[in-house]
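Visitor: sequence first, then the predicted structure:
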Amino acid sequence: MITRMEAEIIRTVCSMYNGDDKTCGILTSGGTESILLAMLAYREFGLKKGIKKPNIVMSNSAHAAFDKAAFCFQIELRKVPVGKDFHCDFKAMKR
């Protein structure tokens with residue numbers, strides 16, 4: 001039953017975004033798992049494009065799962081502070 005529900009959700013979302021029969025997806029149960037799988041996917045995508053030392057630039061207030069994924073998948077994290085308004089400091093990001 002769960003497998004069927006997952007397949008239906010994925011197919012519905014693929015259809016919403018004009019996917020075809022070769023389009024696929026994955027369903028996760030929470031934020032940490034979603035972040036881990038997304039970072040793994042982007043790392044693999046980058047490796048195929050020749051990026052040997054991937055990195056992620058993120059605010060220092062981002063979810064702890066980014067730290068976990070970076071450690072597990074050997075991705076460099078470049079953390080940027082947030083301002084008093086809790087928005088990412090884009091000047092720091094540019095540096």
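Guide: Everything's here; your move.
Visitor: packing partners of the longest helix along the chain?
Guide: Longest helix of the chain, by residue count under DSSP state H: helix 31-48. In terms of contacts (3 or more CB pairs under 8 Å, 6 or more residues apart in numbering; DSSP states H and E), helix 31-48 is packed against helix 65-73. For glycine as for every other residue, the C-beta is placed from the backbone atoms N, C-alpha and C.
Visitor: just to revisit the earlier point, can you tell me what sits against the longest helix of the chain?
Guide: 26, 28, 54, 56, 63, 65-66, 68-70, 72-73, 75 (CB atoms under 8 Å, 6 or more residues apart in numbering).
Visitor: list the contacts of the helix or strand bottoming out on mean pLDDT in the chain.
Guide: The helix or strand of the chain with the poorest confidence is helix 90-94; it has a mean of 79 (mean pLDDT, DSSP states H and E). Residues outside helix 90-94 that contact it (CB under 8 Å, 6+ apart) are Val57, Val80, Pro81.
Visitor: on that earlier part again, out of the contacts of helix 31-48, grab the one that's most surrounded.
Guide: In terms of neighbours by other CB atoms under 10 Å, the contacts of helix 31-48 top out with Ala69 at 22 neighbours.
Visitor: picking that back up, now do the buried residues in the longest helix of the chain.
Guide: Ile35, Leu36, Met39, Tyr42, Arg43 (16 or more other CB atoms under 10 Å).
Visitor: same thing with stretch 2-20?
Guide: For stretch 2-20, burial by neighbour count (16+ other CB under 10 Å) applies to Ile10, Cys14.
Visitor: check the offset of the least confident helix or strand of the chain from the chain's centre.
Guide: Here helix 90-94 is found 21 Å from its chain centre; the criterion is CA atoms, centre = their mean, to the nearest Å.
Visitor: low-scoring stretches of this protein, by residue?
Guide: Confidence mapping of the chain against pLDDT under 70 gives zero matching residues.
Visitor: may I see the ChimeraX selection of the buried members of the contacts of helix 90-94?
Guide: To isolate the buried ones among the contacts of helix 90-94 in ChimeraX, judged by 16+ other CB under 10 Å, type:
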select :80
